[in-house]
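Asks: okay, sequence plus prediction incoming.
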Amino acid sequence: MNNNSTNFPDEPPLPPTWDARLARRLVRPLKHTRVTPNHLTTVRLLIGLAGAIALTRGGYLWTNIGAFLIVLSNFVDHTDGELARISGKGSKFGHFYDLAADALVTILLFGCMGVAIASPDEKGPLGSAALGTIAGIAVALIFFLRMRIESMVGKSGTKQARAAGFETEDVLYLLPLVTLFDGIAPFLKAAAIGAPIFAAWCIVDYWRVVRRTQPVMNSKDA
């Protein structure tokens with residue numbers, strides 16, 4: 001079965017995930033306008049920063065507003081790539097800008113959640129702010145390694161697990177449930193454990209790619 005939309009045969013195949021498909025539908029009217037993918041990346045970044053600021057204010061209302069804005073930012077993140085695909089307006093800078101915005105918003109998510117629930121009564125080195133920092137640093141390392149792997153072997157080297165139209169990163173869409181049910185503390189603890197473990201796996205994967213591509217690079221230099 002052809003994955004192209006029958007109404008838009010000049011476009012590349014529809015993406016496999018539901019949010020990217022919806023994003024393409026929303027940006028299609030922008031295809032022949034002056035709007036570029038970088039404009040949409042900036043919108044995504046601003047929404048994410050607003051969400052991070054809301055999270056730092058703490059309290060039930062602001063953390064839920066922050067969670068909603070972070071989720072919205074995560075969805076808008078798909079719009080720049082879809083506009084680039086259907087309009088041909090993509091660029092190397094735009095790709096890097098998109099990755100940098102992704103990294104910054106995700107790092108701020110964990111760091112600001114830690115600040116939101118930090119208490120002056122917390123004792124010991126692993127308070128909420130520290131847990132958020134640990135998760136944020138691990139996420140930063142993950143983004144950096146994935147960017148390096150992609151530069152060496154292409155996007156196929158960083159493809160995420162996918163099932164029923166969802167990818168691994170779509171777990172962020174559940175963030176409002178975390179804040180609605182006051183689950184930030186256990187969420188941060190899980191992130192402070194899970195993110196470093198995944199970062200360690202990315203380090204191993206990175207070195208595998210380096211060893212696999214090194215002979216090819218050496219042969220080109222010869």
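Replies: Yep, that arrived.

Asks: now do the contacts for residue 129.
Replies: Residues in contact with residue 129 (Cβ atoms under 8 Å, 6 or more residues apart in numbering) are 111, 114-115, 118. C-beta coordinates here come from the backbone N, C-alpha and C atoms, glycine included.

Asks: find me the pLDDT at it, would you?
Replies: The model reports residue 129 with a pLDDT of 83.

Asks: pLDDT-wise, which helix or strand of this protein ranks last?
Replies: Within the chain, judged by mean pLDDT, DSSP states H and E, the helix or strand with the poorest mean is strand 162-163; its value is a mean of 54.

Asks: will you turn the contacts of residue 129 into TSV that also has secondary structure and pLDDT?
Replies: As requested, the contacts of residue 129 are exported to TSV (DSSP: H, G, I helix; E, B strand; the rest coil; pLDDT from 0 to 100):
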residue	secondary structure	pLDDT
111	helix	90
114	helix	89
115	helix	87
118	coil	81
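
Asks: quick one: which of those has the most company?
Replies: The most crowded member of those is residue 114, carrying 26 neighbours; neighbours defined as other Cβ atoms under 10 Å.

Asks: was I right about that residue contacting residue 132?
Replies: Yes. Taking contact to mean Cβ atoms under 8 Å, the distance of 2.2 Å between residue 114 and residue 132 places them in contact.

Asks: need the overlap of contacts for the two.
Replies: Between them, residue 114 and residue 132 share the contacting residues residue 188, judged by Cβ under 8 Å, 6+ apart.

Asks: contacting residues around residue 21?
Replies: Under the contact definition (Cβ under 8 Å, 6+ apart), the residues listed for residue 21 are 14-15.

Asks: can you give the distance from the longest helix along the chain to the centre of its chain?
Replies: Selection of the longest helix in the chain by residue count, based on DSSP state H, yields helix 184-221. A distance of 16 Å separates the C-alpha centroid of helix 184-221 from that of its chain, computed with Cα atoms, centre = their mean, to the nearest Å.

Asks: for it, name the packing helices and strands.
Replies: In this structure, helix 184-221 makes packing contacts with helix 92-117, helix 128-153, judged by 3 or more Cβ pairs under 8 Å, 6 or more residues apart in numbering; DSSP states H and E.

Asks: the first one packs against which elements?
Replies: The one in question is helix 92-117. Right, helix 92-117 is packed against helix 37-56, helix 60-87, helix 128-153, helix 184-221 by 3+ Cβ pairs under 8 Å, 6+ apart.

Asks: which of the residues in that helix are buried?
Replies: Neighbour counts using 16 or more other Cβ atoms under 10 Å place 94-95, 97-99, 101-117 of helix 92-117 among the buried residues.

Asks: same thing with the last one?
Replies: Taking 16+ other Cβ under 10 Å as the basis for neighbour counts, the residues of helix 128-153 that come out buried are 128-143, 145-150.

Asks: could you do stretch 186-206 as well?
Replies: Of the residues in stretch 186-206, 187-188, 191-192, 195-196, 198-199, 202, 206 count as buried by neighbour count, 16+ other Cβ under 10 Å.
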